[in-house]
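Asks: please find the sequence and the predicted model below.
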Amino acid sequence: MSKHSFPRIIIIFLITFIFGCIFGQSDTLNAAPFTLPDPAKLTYGPLKFDPPQPFRFTLPNGLTVYIIENHELPVVKITLIVKSGTMYDPPGKEGVSELTASVMRTGGTLKMAPQALDETLDYYAATIEPGTGLEKTQWSVFSLKKDFEKVLGIFSQLLQEPLFDEGRLKLGKDLKSEEIRRLPDDPQSWAFKEFNRLLYQGNPRGRLPTLTTIKNIQKSDLVECHRRHYAPENMIMALSGDIRRDDAEILIRKAFGDWQAKGQIVPVAAPFKSFSPGSYYLIKETPQTVIVTGQAAPKKGSDAYYAFDVIDFVLGSGGFRSRIFQEVRTNRGLAYSTGSFYRARRDYGVFGAYAMTKSASAPTALQMIQDIMGKAKRDGLLPEEIDGAKKSILNSFIFQFDSPHQIVTQQALLAFDKLPDDFLQQYRQRITSLTPAEIRKTAGNVLAPKDSITLILGSEAGYRQIKGKYPDFKRIMVNYD
């Protein structure tokens, strides 16, 4: 084909297509336009939720393991859940749990230097990565099937015999310090961190790392954190992949069966024991203003938990059709991002709403969010809202388990939260059977828009505006030095 023939082919095709549309389909030009049906009116059979049940066993040392075979690809995945999170950090050493996990991975083992560890994992095309949250640390492992025994052996060394190399510790501290310095550069992330600090007042969950606390952390602190938290009885493992469960069990018993460490975790009380509402303003000279407001909510698995999941969906987490999105953004154009969130834990819950808006709109946006929650508290939800929310929640719920590893990890997380093995089946049944009366009662008992923690991050001019409408707002100063 010459360099000039391709454009001519395109021109000929377009002419033929246009003439075909005009003359070849002339009898359809006068037909009624095609319309898509309303998704809300579609009918279909009941969705079936019957995920495979993981195989479960517990080693004599207390390590619990869930396994699902998956032979689609020649790989094996592990998620390890460890009872080690930022809420366990000692006062003055905030950041130690995150650094412990990070330097366990980067700092080598007693049998393998840091660089050798990195090079070996690269050679096997394997990954071992930790992620530390408020109440737990999750380790993710990926390995090709043919190398799994070797990678599992390395993972076992990391967990049992970390080296905590001083050079890698210094690098980890430098990176964390730089992250703290850059926090004000991300107003949204900054606002939510400060909101959490205020919300968890009087509780270890509310403490944040600073440059000083990171500087205070030494290798001995990482060793102590590892001793207290990294013990088999404090861990739950989820495994899936191209391996027979009997073979996986043999390898896990070989890698971890002799580990006899005993943890010594200091219990942390649930929050909100000393909670008091308040309104706070954090100055940041930025064109946008961030609003976050929240309160205590039902714990996971409680009677009110299921009803409140529906309430949260209708109020703000349900996307375009939720009340907050419709009123604040669509109808009034007061925010470019807005909605609600519900974090349910095993011993407490948090419900909140947020909006990202311009300074001049902040007082009105906050008032609308409070009014929306106040109306739901007084009147409950409409039947059509409840039906739509229940359908959406149940439909999306199933798609959270579209891979074997998601299924086995969810089962491990349920065990970590001490919830029953059939919690997922119960969840669907409880959502399905909810009545408007139950939801109205829960909304009336739980929602407290006037008794919340509210944080606004915005400019000095925005602070003066908000004080004009809400005199109780207190200006706060934060220092991460």
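Replies: Sure thing, it's come through.

Asks: find the nearest non-adjacent residue to the residue nearest in space to the middle of the chain, please.
Replies: Centroid check for the chain by C-alpha atoms, centre = their mean gives residue 343 as the closest residue, at 8.8 Å. Distances taken as C-beta to C-beta, 6 or more residues apart in numbering place residue 350 nearest to residue 343, at 4.5 Å, with adjacent residues excluded. All C-beta spots, glycine's among them, are computed from the backbone N, C-alpha and C.

Asks: so what's the residue count around that neighbour?
Replies: By other C-beta atoms under 10 Å, the residues close to residue 350 number 21.

Asks: wasn't it part of a helix?
Replies: No: assigned with DSSP: H, G, I helix; E, B strand; the rest coil, residue 350 falls outside any helix and is strand.

Asks: ok, it - contacts?
Replies: 199, 294-297, 341-343 (C-beta atoms under 8 Å, 6 or more residues apart in numbering).

Asks: apply 7 Å and report the result again.
Replies: By C-beta atoms under 7 Å, 6 or more residues apart in numbering, the contact list for residue 350 reads 199, 294, 296-297, 343.

Asks: give me the subset of these that lies in helices.
Replies: Judged by DSSP state H, helices contain the following of the contacts of residue 350: residue 199.

Asks: residues in contact with the host helix or strand of residue 462?
Replies: Element membership of residue 462, judged by DSSP states H and E, is helix 460-469. Under the contact criterion C-beta under 7 Å, 6+ apart, helix 460-469 has outside partners 281, 283, 285, 289, 359-360, 362-363, 456, 473, 475.

Asks: do I have it right that residue 95 meets residue 213?
Replies: Yes: here residue 95 reaches residue 213: they are 5.6 Å apart, a contact under C-beta atoms under 7 Å.

Asks: between the two, who's got more neighbours?
Replies: Taking other C-beta under 10 Å, residue 95 and residue 213 do not tie; residue 95 has more neighbours (28 against 21).

Asks: contacts only, for residue 340.
Replies: Counted by C-beta under 7 Å, 6+ apart, residue 340 has contacts 312, 315-317, 324, 352-353.

Asks: again, only this time at 6 Å
Replies: Going by C-beta atoms under 6 Å, 6 or more residues apart in numbering, residue 340 touches 312, 315-317, 324, 353.

Asks: now go through these and say which are in helices.
Replies: Of these, the ones assigned to helices by DSSP H are 312, 324.

Asks: which two of the contacts of residue 340 have the greatest separation?
Replies: Farthest-apart pair in the contacts of residue 340 is 312 and 324; separation 10.4 Å (C-beta to C-beta).

Asks: and the strands in the chain, which stretches?
Replies: Counting by DSSP state E, the chain has strands at residues 55-58, 64-69, 75-82, 127-132, 137-144, 235-241, 278-283, 288-297, 337-344, 349-358, 453-458, 474-476.

Asks: neighbouring strands of the fourth one in the sheet, and parallel or not?
Replies: In other words, strand 127-132. strand 137-144 (antiparallel) (DSSP bridges).

Asks: give me the nearest residue to residue 421, chain neighbours excluded.
Replies: residue 414 (6.9 Å).

Asks: break this protein into its domains for me.
Replies: The chain breaks down by automatic domain parsing into domains covering 55-256, 278-476.

Asks: just how off-centre is the last one within its chain?
Replies: So that's domain 278-476. Taking C-alpha atoms, centre = their mean, to the nearest Å, the mean C-alpha location of domain 278-476 is offset from the chain mean by 14 Å.

Asks: what do you get for the first one?
Replies: Averaging C-alpha positions (C-alpha atoms, centre = their mean) puts domain 55-256 17 Å from its chain's average.

Asks: identify the bridge partners of residue 293.
Replies: Going by DSSP bridges, residue 293 forms beta bridges with residue 353, residue 454.

Asks: that one and residue 357, how far apart?
Replies: 13 Å (C-beta to C-beta, to the nearest Å).

Asks: tell me the confidence at residue 42?
Replies: At residue 42, the predicted lDDT confidence score is 56.

Asks: tell me, how many residues neighbour residue 111?
Replies: For residue 111, using other C-beta under 10 Å, the count is 12.

Asks: dihedrals phi and psi, it?
Replies: Backbone torsions for residue 111, taken as degrees, to the nearest 10, come to phi -110, psi -10.

Asks: now it: closest residue in space, sequence neighbours ignored.
Replies: Nearest non-adjacent residue to residue 111 (C-beta to C-beta, 6+ apart): residue 157, at 5.9 Å.

Asks: near the one you found, how many other residues are there?
Replies: 18.

Asks: from residue 105, how far off is it?
Replies: 11 Å.

Asks: and for residue 90?
Replies: Taking C-beta to C-beta, one finds residue 90 at 22 Å from residue 105.

Asks: more neighbours: those two, which one.
Replies: A side-by-side neighbour count of residue 90 and residue 105, using other C-beta under 10 Å, places residue 105 first with 21 against 18.

Asks: grab the nearest non-local neighbour of that one.
Replies: residue 130 (5.7 Å).

Asks: repeat for residue 404
Replies: residue 70 (4.0 Å).

Asks: list the contacts for that neighbour?
Replies: Counting by C-beta under 6 Å, 6+ apart, residue 70 has contacts 240-241, 404.

Asks: swap in residue 68?
Replies: 52, 54, 240, 404, 408.

Asks: kindly report the same for residue 79.
Replies: Going by C-beta under 6 Å, 6+ apart, residue 79 touches 140, 238, 409.

Asks: how close does it sit to residue 411?
Replies: From residue 79 to residue 411 the distance is 11 Å (C-beta to C-beta).

Asks: re earlier: pLDDT value on the residue nearest to residue 111, please?
Replies: Note for residue 157: predicted pLDDT of 97.

Asks: doesn't residue 110 make contact with it?
Replies: No: contact criterion C-beta atoms under 6 Å: residue 157 and residue 110 do not qualify, at 7.4 Å.

Asks: which residue ranges of the stretch 101-250 of the chain form helices?
Replies: Using DSSP state H, counting those that start in this stretch, the helices of the stretch 101-250 of the chain run over residues 114-123, 148-160, 166-182, 187-199, 211-216, 219-229, 245-256.

Asks: looking at these, which is nearest to residue 274?
Replies: helix 187-199 (12.0 Å).

Asks: give me the helices and strands touching that closest one, please.
Replies: Applying 3 or more C-beta pairs under 6 Å, 6 or more residues apart in numbering; DSSP states H and E, we find helix 187-199 packed against strand 288-297, strand 453-458.

Asks: what do you get if the cut-off is 10 Å, keeping everything else the same?
Replies: strand 278-283, strand 288-297, strand 349-358, strand 453-458, strand 474-476 (3 or more C-beta pairs under 10 Å, 6 or more residues apart in numbering; DSSP states H and E).
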